[in-house]
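> Here's my sequence, what's the structure:
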Amino acid sequence: MYAQFSDATEAQEQGTVATDSTTPKPEGNVHFGTNGGAQSSNKPTAATSTLRCDINKSTVVIAVVLIFISALTIANFVMLMQIRQGTYLGTRVQDIILKMNKTMQAKVRGQCHISYGGKCFWELQREFEFIDAQRACSAHGAYPANIYSSRHFMMIAAYLRHTKTGKGNSVWIGMTRDSQSDKNYYRNGEEVKYKMKWFLKGYPIDNTSRDQLAIRYDLDSLFDGFVNEIPNAKLHGVLCEI
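Below is the predicted model:
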């Protein structure tokens, strides 16, 4: 009986030893805490966690700053290109206009109120002596106008009637008259060949000082006609040609 107990006890002790021998050993350095349990030194400390958090925050801040700088650079580039493109287009339009002939320039600028014979005509409404009328047209690259035919005269008179509502208005033109020879001339000195319609009877006035021509028009087309005036007379406007 004692022998069996001893054997059983011995077997139990051997089993305990075997069981302990198969228990896995913790890896790394092991130390015992206050509760007697084993603790590994591989567990991150509070200082390590704080360092990693700071690094992550710095990375995010740097990324945001870089994105902002990139966006600002792209925006400035786009704005610069738009400015350059606008300047380029404006310059191109100006170059195209300058390459046109003067008549086309007048049409583009809205000065071509009447078109006749490939030329443009428009009125400048102001009280002028003839020399001032010349300067006013010249400021637009134009000249006081010629009237090239009877049909042209009727077109101009109808246009002038729509620009004013008063009676007895006169505008300077570029043509002249020589009372001694009873001849009329275009601005370039070429003689006028068509039959001109004069304002009422008594015109043209036979006076050598009244050598500059103008158009007088009224609400009633019966009173439309050419008149000859002294150059320092103050009329109601000038008809320009380009």
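> Where does pLDDT dip in this protein?
Applying pLDDT under 70 to the chain flags the ranges 1-55, 76, 78-109, 165-168.
> What are the boundaries of the strands in it?
30-32, 38-40, 114-116, 119-128, 143-144, 169-178, 183-185, 212-217, 225-229, 235-241 (DSSP state E).
> Provide the strand pairings for the fourth one, with the direction of each partner.
Spelled out, that is strand 119-128. strand 114-116 (antiparallel), strand 235-241 (antiparallel) (DSSP bridges).
> now these in a markdown table, with distance to residue 207 and mean neighbour count?
All C-beta atoms are positioned from the backbone trio N, CA, C, and that covers glycine. Converted to a markdown table, those look like this (distance: least, CB to CB, whole Å; neighbours: other CB atoms under 10 Å):
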| stretch | distance to residue 207 | mean neighbour count |
| --- | --- | --- |
| strand 114-116 | 30 | 16 |
| strand 235-241 | 17 | 24 |
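> Compile the strands of the chain into a markdown table and extend it with columns for distance to residue 201.
Output for these, formatted as a markdown table (distance: least, CB to CB, whole Å):
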| stretch | distance to residue 201 |
| --- | --- |
| strand 30-32 | 136 |
| strand 38-40 | 130 |
| strand 114-116 | 28 |
| strand 119-128 | 27 |
| strand 143-144 | 26 |
| strand 169-178 | 17 |
| strand 183-185 | 18 |
| strand 212-217 | 13 |
| strand 225-229 | 10 |
| strand 235-241 | 21 |
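> Of all those strands, which one is nearest residue 62?
Nearest to residue 62, of all the strands of the chain, is strand 38-40, at 34.8 Å by CB to CB.
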